[in-house]
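K.L.:
could you look at this predicted model? Sequence included:
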Amino acid sequence: MEFVNQSLPALFAEAKSDTAAAALSLDENKPVLDRDLAFLHYTLRSLVKKIELSTMNEAEFISLEDKLLHHIQYCCHDGLLVHIGKASENLHCSRRQLQRVLRKLTEKGILEKTSKGVYRAAQLLRCKDGWALLTV
């Protein structure tokens, strides 16, 4: 945020596990970073991802099922839900609540459990009444 706003950040982050970090002096490096397309593209992709997650969390869904299916289809790489704990944080629900919904959608054939804690979405289509399975 300091790179764009040129002010001190209003937010701070805390690592919950071992983390590697790099710190650069913006006073010394800003002119170089302003011309670095790879850095600017990385920054833009990171921002877009955060906006997508924020928008998805604010969207009005009828149920946690809809919210979860949307999350898997649009936010999970290759349609694979890998981190249940992280997903429950993103979806603003308890891990236990998410596990109940995962079990229910797996029993309906909408999701497939590929291994412990890993779920794959079937071919889904968003429609007016919710989600529909695509059959080929």
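P.N.:
Done, it's in.
K.L.:
for the chain, what spans make up the strands?
P.N.:
Counting by DSSP state E, the chain has strands at residues 80-81, 111-115, 118-121, 124-127, 130-133.
K.L.:
tell me the mean pLDDT over the longest helix seen in the chain?
P.N.:
If you go by DSSP state H, the chain has its longest helix at helix 37-58. On average, the pLDDT along helix 37-58 is 83.
K.L.:
and it, what does it pack against?
P.N.:
If you count contacts as 3 or more Cβ pairs under 8 Å, 6 or more residues apart in numbering; DSSP states H and E, helix 37-58 packs onto helix 26-35, helix 64-75, helix 84-90. Using the backbone N, CA and C atoms, a C-beta is placed for each residue, glycine as well.
K.L.:
the inter-axis angle of that helix versus helix 26-35?
P.N.:
Helix 37-58 and helix 26-35 are oriented at 90 degrees to each other (axes from the mean of the first three to the mean of the last three Cα atoms, to 10 degrees).
K.L.:
angle of helix 37-58 against helix 64-75?
P.N.:
Orientation note: helix 37-58 sits at an angle of 170 degrees relative to helix 64-75 (the same axes, to 10 degrees).
K.L.:
give me the contacts around stretch 93-107.
P.N.:
Residues from elsewhere that reach stretch 93-107, judged by Cβ atoms under 8 Å, 6 or more residues apart in numbering: 64-65, 68-69, 81, 84-85, 87-88, 91, 111-113, 119.
K.L.:
give me the most central residue, the protein.
P.N.:
Against the mean C-alpha coordinate of the chain, by Cα atoms, centre = their mean, the closest residue is Cys75 at 4.7 Å.
K.L.:
I'd say it and Leu53 touch.
P.N.:
Yes: the pair Cys75 / Leu53 is scored as a contact, 6.5 Å apart, by Cβ atoms under 8 Å.
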